[in-house]
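Peer 1: Show me how the following folds:
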Amino acid sequence: LMGKPVERITVKEICESADLNRGTFYAYYGSPAELLKEIEDEFYVDILMSVVSIKTGEDVATIFTETLTVLKEKREFSEALFGKHGDPEFLQQLIDVAKETCLINWRIRAPEADEKVFSMMYDYAAHGCKRVIQQWIQDGAKDEPATVARFLTDMCNNGVIAMLARYKTAAETKPELPG
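Peer 2: Okay, the predicted model is just below:
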(Lines give C-alpha, C1' and ligand atoms only; values in the text may rest on other atoms or scores of the structure.)
Protein backbone atom coordinates (compact mmCIF):
# COMPACT_ATOMS: atom_id res chain seq x y z
CA LEU A 1 0.00 0.00 0.00
CA MET A 2 2.90 2.34 0.70
CA GLY A 3 3.73 2.56 -3.00
CA LYS A 4 0.29 3.74 -4.13
CA PRO A 5 -1.32 7.16 -4.14
CA VAL A 6 -3.93 7.41 -1.38
CA GLU A 7 -6.69 7.99 -3.93
CA ARG A 8 -5.96 4.57 -5.44
CA ILE A 9 -5.96 2.67 -2.14
CA THR A 10 -9.22 0.91 -1.40
CA VAL A 11 -10.83 0.29 1.95
CA LYS A 12 -10.70 -3.41 1.12
CA GLU A 13 -6.89 -3.25 0.74
CA ILE A 14 -6.52 -1.41 4.04
CA CYS A 15 -8.75 -3.88 5.85
CA GLU A 16 -6.90 -6.88 4.43
CA SER A 17 -3.54 -5.36 5.31
CA ALA A 18 -4.63 -4.47 8.86
CA ASP A 19 -6.67 -7.62 9.36
CA LEU A 20 -9.92 -5.87 10.22
CA ASN A 21 -13.36 -5.78 8.73
CA ARG A 22 -14.83 -2.96 6.68
CA GLY A 23 -17.40 -2.17 9.35
CA THR A 24 -14.65 -1.44 11.85
CA PHE A 25 -12.86 0.78 9.34
CA TYR A 26 -16.04 2.75 8.57
CA ALA A 27 -16.82 3.10 12.29
CA TYR A 28 -13.75 5.35 12.52
CA TYR A 29 -13.03 6.68 9.01
CA GLY A 30 -15.06 7.64 5.99
CA SER A 31 -12.28 7.05 3.48
CA PRO A 32 -8.60 6.18 3.10
CA ALA A 33 -7.89 9.91 2.73
CA GLU A 34 -9.52 10.53 6.11
CA LEU A 35 -7.34 7.84 7.67
CA LEU A 36 -4.23 9.38 6.10
CA LYS A 37 -5.17 12.82 7.44
CA GLU A 38 -5.50 11.44 10.97
CA ILE A 39 -2.14 9.67 10.69
CA GLU A 40 -0.50 12.87 9.43
CA ASP A 41 -2.06 14.87 12.27
CA GLU A 42 -0.73 12.40 14.85
CA PHE A 43 2.72 12.46 13.24
CA TYR A 44 2.69 16.27 13.22
CA VAL A 45 1.85 16.29 16.94
CA ASP A 46 4.79 13.93 17.54
CA ILE A 47 7.07 16.44 15.80
CA LEU A 48 5.62 19.38 17.73
CA MET A 49 6.01 17.56 21.03
CA SER A 50 9.67 16.91 20.24
CA VAL A 51 10.35 20.62 19.67
CA VAL A 52 7.97 22.14 22.24
CA SER A 53 10.72 22.65 24.83
CA ILE A 54 12.93 24.52 22.38
CA LYS A 55 12.90 28.23 23.13
CA THR A 56 11.69 30.65 20.49
CA GLY A 57 14.70 32.35 18.96
CA GLU A 58 17.01 29.40 19.65
CA ASP A 59 19.19 28.07 16.85
CA VAL A 60 17.10 26.58 14.07
CA ALA A 61 19.53 23.63 13.93
CA THR A 62 18.01 22.40 17.19
CA ILE A 63 14.53 22.38 15.68
CA PHE A 64 15.79 20.67 12.52
CA THR A 65 17.66 18.07 14.57
CA GLU A 66 14.60 17.20 16.64
CA THR A 67 12.35 17.05 13.57
CA LEU A 68 14.81 14.92 11.59
CA THR A 69 15.27 12.59 14.55
CA VAL A 70 11.54 11.86 14.62
CA LEU A 71 11.52 11.39 10.83
CA LYS A 72 14.43 8.94 11.08
CA GLU A 73 12.83 7.02 13.97
CA LYS A 74 9.68 6.63 11.85
CA ARG A 75 11.55 6.20 8.58
CA GLU A 76 9.18 3.77 6.90
CA PHE A 77 6.27 6.08 7.53
CA SER A 78 8.35 9.11 6.50
CA GLU A 79 9.24 7.40 3.22
CA ALA A 80 5.56 6.87 2.49
CA LEU A 81 4.59 10.42 3.42
CA PHE A 82 7.38 12.13 1.53
CA GLY A 83 7.80 9.73 -1.38
CA LYS A 84 6.34 10.18 -4.84
CA HIS A 85 2.81 9.39 -3.64
CA GLY A 86 3.03 11.34 -0.40
CA ASP A 87 1.49 14.63 0.61
CA PRO A 88 3.81 17.50 -0.40
CA GLU A 89 1.95 19.92 1.81
CA PHE A 90 2.63 17.82 4.90
CA LEU A 91 6.41 18.25 4.62
CA GLN A 92 5.89 21.98 4.15
CA GLN A 93 3.85 21.99 7.36
CA LEU A 94 6.79 20.34 9.15
CA ILE A 95 9.27 22.82 7.69
CA ASP A 96 7.07 25.67 8.90
CA VAL A 97 7.56 24.51 12.51
CA ALA A 98 10.83 26.49 12.36
CA LYS A 99 9.35 29.50 10.59
CA GLU A 100 8.78 31.79 13.56
CA THR A 101 12.22 31.04 15.00
CA CYS A 102 13.82 31.89 11.65
CA LEU A 103 11.87 35.11 11.29
CA ILE A 104 12.73 36.25 14.82
CA ASN A 105 16.43 35.65 14.21
CA TRP A 106 16.32 37.43 10.86
CA ARG A 107 14.41 40.45 12.23
CA ILE A 108 17.08 40.87 14.89
CA ARG A 109 19.82 40.81 12.26
CA ALA A 110 18.11 43.22 9.87
CA PRO A 111 15.33 45.23 11.49
CA GLU A 112 15.30 47.57 8.48
CA ALA A 113 14.21 44.80 6.09
CA ASP A 114 10.48 44.59 5.47
CA GLU A 115 8.22 41.60 5.99
CA LYS A 116 7.98 40.89 2.26
CA VAL A 117 11.76 40.33 2.19
CA PHE A 118 11.56 37.95 5.15
CA SER A 119 8.66 36.09 3.60
CA MET A 120 10.46 35.64 0.29
CA MET A 121 13.66 34.51 1.99
CA TYR A 122 11.78 32.03 4.12
CA ASP A 123 9.93 30.59 1.11
CA TYR A 124 13.21 30.21 -0.76
CA ALA A 125 14.99 28.56 2.17
CA ALA A 126 12.01 26.34 3.08
CA HIS A 127 11.71 24.88 -0.42
CA GLY A 128 15.42 24.04 -0.46
CA CYS A 129 15.18 22.44 2.98
CA LYS A 130 12.12 20.49 1.93
CA ARG A 131 13.96 19.00 -1.04
CA VAL A 132 17.07 18.10 0.99
CA ILE A 133 14.90 16.36 3.61
CA GLN A 134 12.97 14.45 0.94
CA GLN A 135 16.22 13.24 -0.61
CA TRP A 136 17.67 12.33 2.79
CA ILE A 137 14.59 10.21 3.54
CA GLN A 138 14.60 8.62 0.07
CA ASP A 139 18.28 7.73 0.56
CA GLY A 140 17.42 5.87 3.77
CA ALA A 141 18.16 8.64 6.31
CA LYS A 142 21.72 7.35 6.61
CA ASP A 143 23.29 10.61 7.76
CA GLU A 144 22.76 11.61 11.36
CA PRO A 145 19.92 14.10 11.91
CA ALA A 146 22.31 16.59 13.56
CA THR A 147 24.60 16.51 10.50
CA VAL A 148 21.75 17.21 8.08
CA ALA A 149 20.32 19.83 10.46
CA ARG A 150 23.64 21.67 10.63
CA PHE A 151 23.94 21.61 6.82
CA LEU A 152 20.40 23.01 6.39
CA THR A 153 20.96 25.65 9.04
CA ASP A 154 24.30 26.73 7.58
CA MET A 155 22.87 26.94 4.05
CA CYS A 156 19.90 28.98 5.21
CA ASN A 157 21.83 31.26 7.54
CA ASN A 158 24.70 31.97 5.15
CA GLY A 159 22.33 32.86 2.33
CA VAL A 160 20.11 34.92 4.57
CA ILE A 161 23.01 36.73 6.23
CA ALA A 162 24.27 37.76 2.80
CA MET A 163 20.82 39.02 1.82
CA LEU A 164 20.29 40.83 5.10
CA ALA A 165 23.68 42.52 4.75
CA ARG A 166 22.34 44.20 1.63
CA TYR A 167 19.63 45.80 3.74
CA LYS A 168 22.03 46.91 6.46
CA THR A 169 24.39 48.61 4.01
CA ALA A 170 21.63 50.15 1.91
CA ALA A 171 19.01 51.05 4.50
CA GLU A 172 17.92 54.15 2.59
CA THR A 173 17.90 52.48 -0.81
CA LYS A 174 16.38 49.09 -0.21
CA PRO A 175 16.74 46.76 -3.19
CA GLU A 176 13.67 46.52 -5.33
CA LEU A 177 11.59 43.44 -4.74
CA PRO A 178 9.97 41.54 -7.57
CA GLY A 179 6.21 41.67 -7.92
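
Peer 1: tell me the contacts of the nearest residue in space to Pro145 that is not next to it in sequence?
Peer 2: Excluding its sequence neighbours, the residue lying closest to Pro145 (Cβ to Cβ, 6 or more residues apart in numbering) is Leu68, at 3.5 Å. The C-beta positions use only the backbone N, C-alpha and C, and glycine is treated the same way. Taking Cβ atoms under 8 Å, 6 or more residues apart in numbering as the criterion, Leu68 is in contact with Ile133, Trp136, Ala141, Pro145, Ala146, Val148, Ala149.

Peer 1: got it, and Leu164?
Peer 2: Per Cβ under 8 Å, 6+ apart, neighbours of Leu164: Trp106, Arg109, Ala110, Ala113.

Peer 1: now for the contacts of Leu68, which pair is the farthest apart?
Peer 2: The most widely separated members of those, counting by Cβ to Cβ, are Ile133 and Ala146 (13.9 Å).

Peer 1: quick one, which of these two is more surrounded?
Peer 2: Set side by side, Ile133 and Ala146 show more neighbours around Ile133, with 23 against 15, by other Cβ atoms under 10 Å.

Peer 1: quick revisit: for the contacts of Leu68, give me CSV that also has distance to Lys37.
Peer 2: Formatted as CSV, the entries for those read as follows, by distance: Cβ to Cβ, whole Å:
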residue, distance to Lys37
Ile133, 21
Trp136, 24
Ala141, 24
Pro145, 26
Ala146, 31
Val148, 27
Ala149, 27
